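1. test case, fold it:
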Amino acid sequence: MGAEFVQLSLTPMLIGVLAAIACALPGNFLILRRQALIGDAIAHVVLPGIVVAFLITGTVAALPMLLGAAGAALVAVVLIEAIRRLGRIEPGAAMGVVFTTLFAGGVLILERTDTSTVHLDVEHALMGNLESLVWFAADGWGSLIDPAALAALPEELPRMAAVCLLVAALTALFWRWLKIATFDEGFAEALGLPVRAIGLGLVIVAAIAAVAAFDAVGSIIVIAMFICPPAAARLMTSRLGAQIAWSVGFAVLSAVLGYVLAGYGPLWLGQSNALSAAGMIATVSGALLGLAALFGPHRRREGAVAGA
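-> Numbering: from 1, shown residues only. A predicted model of the protein is given here:
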């Protein structure tokens, strides 16, 4: 049983956990800055950029994907500004038009081009590829110290681990700046902090996390993890440090419980087909947010979070 778990379930579960944490960490600050939908926007905007990058390079490697996503983000900014000025509509409406149009364009390109050489299609873009990221070379827990077996790990795992470590390190390194700029921009400017650069850096980090997670888990989990764990954590505490910890705990629980329920839940109910891991992880994260909204100790509390 242990050998089967290590081979079939350990790596996809770890990838799901790392992706959830990488998205949840910047999601906390986006929630507190009332910019939660930026995570949703990023997940929509990166799709056409990633598809175009693949069509140009023929690979889904991390660097071309990131460059494609950055290019799509630049196009989105230009289109939003043009629509806002020419159409004389408020920025939120312009953002909605651009994000949905770009996402639809990405889906259409996927439908009309040949991506059969890689796991890149509409279903993969939405639901990811988590179930297939198994560790065929593993032969029990001893494989964790076997260099030959470790060399055959799915490439998504070290990539996601590196990005998660980067996001965590940047969060710790700029913790004080992020905290001050998030809760009081005027005070941050008075202290001489680069408020605009901090906000831009936060969005860039969120985009890096989204691009890294996209290939493995798809846009559904990316959107859910940016919003649900941080929002649930916000309802559990009034301290920023504790909120970060709660959000990481909710992210890990969503990934692990969602993956287990997707694979084994139908079997427990007498069904033969497993469910989508990405869909179930997103469902569990939404359920945790619902429970926090009902029973969280700070669900009725208003005002800013007192930070520590």
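
2. quick check: buried residues in the helix or strand harbouring Gly263?
-> Gly263 belongs to helix 240-268 when assigned by DSSP states H and E. Neighbour-count burial for helix 240-268 flags 240, 243-244, 246-259, 261-263 (criterion: 16 or more other C-beta atoms under 10 Å). For every residue, glycine as well, the C-beta is placed using N, CA and C.

3. now it: average pLDDT?
-> The predicted model assigns helix 240-268 a mean pLDDT of 90.

4. who are the packing partners of it?
-> Judged by 3 or more C-beta pairs under 8 Å, 6 or more residues apart in numbering; DSSP states H and E, the packing partners of helix 240-268 are helix 11-32, helix 195-234, helix 277-295.

5. and the next helix or strand past the lowest-mean-pLDDT helix or strand in the chain?
-> When the helices and strands of the chain are scored by mean pLDDT, DSSP states H and E, helix 122-127 comes last with a mean of 63. Sequence-wise, the next helix or strand downstream of helix 122-127 (DSSP H and E) is helix 147-150.

6. and the helix or strand encompassing Leu74, how far out from the chain middle?
-> In this structure, Leu74 sits in helix 62-87 according to DSSP H and E. Offset of helix 62-87 from its chain centre (C-alpha atoms, centre = their mean, to the nearest Å): 19 Å.

7. which residue comes closest to Phe103 once chain neighbours are left out?
-> Closest residue to Phe103 apart from its sequence neighbours, by C-beta to C-beta, 6 or more residues apart in numbering: His44 at 4.0 Å.

8. other SSEs contacting whichever helix or strand comes after the helix holding Leu74?
-> Per DSSP H and E, the first helix or strand lying C-terminal to helix 62-87 is helix 91-112. Applying 3+ C-beta pairs under 8 Å, 6+ apart, one finds that helix 91-112 contacts helix 37-57, helix 62-87, helix 122-127.

9. angle of helix 91-112 against helix 195-234?
-> On the basis of axes from the mean of the first three to the mean of the last three C-alpha atoms, to 10 degrees, helix 91-112 is oriented at 80 degrees to helix 195-234.

10. shift numbering so it begins at 8
-> I'll keep to 8 as the first residue from here, and by that count the last item is helix 98-119.

11. how far off helix 44-64 does helix 98-119 point, in degrees?
-> Helix 98-119 and helix 44-64 meet at an angle of 30 degrees, taking the same axes, to 10 degrees as the criterion.

12. how far away is Thr120 from Pro55?
-> Distance, Thr120 to Pro55, by C-beta to C-beta, to the nearest Å: 12 Å.

13. now do Gly270
-> The spacing between Gly270 and Pro55, counted by C-beta to C-beta, is 32 Å.

14. ditto for Arg241
-> 32 Å.

15. please apply the same query to Phe143.
-> In terms of C-beta to C-beta, Phe143 sits 33 Å off from Pro55.

16. of the two, who's got more company?
-> Legend: neighbour count by other C-beta atoms under 10 Å for Phe143 and Pro55, higher for Pro55 (25 against 11).

17. ok, how many other residues are close to the nearest residue to that one once chain neighbours are set aside?
-> Of all residues not flanking Pro55 in the chain, Gly113 sits nearest, at 3.6 Å (C-beta to C-beta, 6+ apart). Counted with other C-beta under 10 Å, the neighbours of Gly113 add up to 23.

18. and what of the one 5 residues further on?
-> The local packing of Glu118 (other C-beta under 10 Å) involves 10 other residues.

19. and it, how far from Ala60?
-> The spacing between Glu118 and Ala60, counted by C-beta to C-beta, is 17 Å.

20. over to Gly135?
-> 18 Å.

21. neighbour count: those two, which is higher?
-> A direct count of neighbours by other C-beta under 10 Å for Gly135 and Ala60 places Gly135 higher, at 31 against 25.

22. for the residue lying closest to Ala214 once chain neighbours are set aside, what are its contacts?
-> Sequence neighbours aside, Ile49 is the residue nearest to Ala214 in space, at 5.2 Å (criterion: C-beta to C-beta, 6+ apart). Taking C-beta atoms under 8 Å, 6 or more residues apart in numbering, we find Ile49 in contact with Ala80, Val210, Ala213, Ala214, Ala217, Val229, Phe233.

23. all good on my end, thank you.
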